[in-house]
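Enquirer: heads up, no residue letters with this:
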DNA sequence: GTGTAATCAGAGCAATTACTCGGGTTACTC
DNA sequence: GAGTAACCCGAGTAATTGCTCTGATTACAC
């Protein structure tokens, strides 16, 4: 019944206040996080999640209206992890000389995605409502802001006349190439070749002329 | 049980020889084609498909081992439609003057994808084994070959020193941008803006200098 | 026309699913 | 320590799923 134009319920049912219950909720979300790559989205059932979490099935329904709400929580945490790792790595990118900045930027994203490989695969190829999830929608906007910030704070190493359309294209190119590389690497081109070429092209678009 | 590292059975069970049975198989595949966008991948059950096709459920299992095999057939036909429409439109692209060729090329792909919008959405965001399907894998290769052909037959309008890596990037950029535009259009950039910018950037990469 | 293989039908079974119910346990409050 | 609210449990239910079984109908060979 998981139709295409269906209404999903992503909101948690009840907020856990005491420590014990917070641990329960946490165990549930973590169990789901580990189960999704193992069994796939369809194979991950609420009963599975509760069992893996070492928690009664009724406790699950005490805090979540259903599977979708837990999956939404998993997505939110995933996005948080990814964004915080990007934020962690970005200072060293911004501090690097212009000749390395773009390569480091791309490599940072690559490593970050690679680290969440399996979970990312589930959300991008299995979950039917991935881009209706607020945290996921945010990540696009955040990447855009991040690149705008990078443009502002780059100290003249990045062109300043880049339109939003161009930034969208760059982000699209980088993310889609990295996702392809991680989930479905082409046979006729090596890993490094593609990343290098990607770096070169992004530089060509974004790098200020005389830097 | 539809796990992540699961084995799927895509091969049809029995080939239909007589006319009546070929019509049955056809009705099943078409029913599935219409059902997938309506109910989503998970919501489309074998019973649904048989019912919609006006066929007994047993007839379905006479020719297919399960849902996956029918879905695989749907994918194959989808790919065929897409490729044949691209092939249909490509002569006029190749015949066009250099100033229009790339724009027409991109618009051709855009229109073609748009026309299969909902079905494409199902395969790219819901079916867990989309890129294990041979026809789908082929479409990437075919697009690559198509662009190589375009490069050869373009009469000097396209650079000839493009590496495979570059072609991969171009195809990646074009397809991912178009998919985003069709399924998840950004709010801060108009449709046309993005397509125009895409055209310009592709030209910049592929177009021979003095053409 | 008759025999044989192909084709079709749908009732129904076994397994699985999401989810509830009643009742117990633990933790805070006074 | 009594009372109350928060928390937890798992057997059990209703609905759904994929799929098979038996047997009927249709097409083709001769």
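Expert: Received the coordinates, thanks. Keep in mind that what you see is a predicted model, and the values were worked out from it rather than measured.
Enquirer: the residue most central in space within chain A - nearest residue in space that isn't next to it in sequence?
Expert: Taking CA atoms, centre = their mean as the criterion, residue A:79 is the residue nearest the geometric centre of chain A, at 4.9 Å. Spatial nearest neighbour of residue A:79, excluding adjacent residues (CB to CB, 6 or more residues apart in numbering or on different chains): residue A:135 at 4.1 Å. From N, CA and C alone the C-beta is placed, and that goes for glycine too.
Enquirer: if I look at the residue of chain A found nearest chain B, what pLDDT would I see?
Expert: Nearest residue of chain A to chain B (CB to the nearest CB) works out as residue A:176 at 3.5 Å. Looking at residue A:176, its pLDDT reads 96.
Enquirer: got a list of what residue A:84 touches?
Expert: Applying CB atoms under 8 Å, 6 or more residues apart in numbering or on different chains to residue A:84 gives no contacts.
Enquirer: would you mark the buried spots in the host helix or strand of it?
Expert: Per DSSP states H and E: residue A:84 is located in helix A:67-95. Neighbour-count burial for helix A:67-95, counted by 16 or more other CB atoms under 10 Å in any protein chain shown, picks out A:67-79, A:82-83, A:85-86, A:89-90, A:93-94.
Enquirer: is DNA strand D within reach of that helix?
Expert: No - applying CB under 7 Å from any atom of the strand, one finds helix A:67-95 separated from DNA strand D by no less than 14.1 Å.
Enquirer: quick one: the helix or strand following that helix to chain centroid distance?
Expert: Downstream of helix A:67-95, the first helix or strand assigned by DSSP H and E is helix A:98-115. Averaged C-alpha coordinates place helix A:98-115 at 15 Å from its chain's average position (CA atoms, centre = their mean, to the nearest Å).
Enquirer: ok, now which ones touch residue A:60?
Expert: Contacts of residue A:60 (CB under 8 Å, 6+ apart): A:28, A:46, A:49-50, A:53, A:70.
Enquirer: for it, give its distance to residue A:47.
Expert: As judged by CB to CB, to the nearest Å, residue A:60 and residue A:47 stand 9 Å apart.
Enquirer: and what of residue A:65?
Expert: 16 Å.
Enquirer: for the two, indicate the residue with more neighbours.
Expert: Higher neighbour count among residue A:65 and residue A:47: residue A:65, with 15 against 10, using other CB atoms under 10 Å in any protein chain shown.
Enquirer: touching, that one and residue A:9? I think so.
Expert: Yes - the pair residue A:65 and residue A:9 passes the contact test of CB atoms under 8 Å, sitting 4.7 Å apart.
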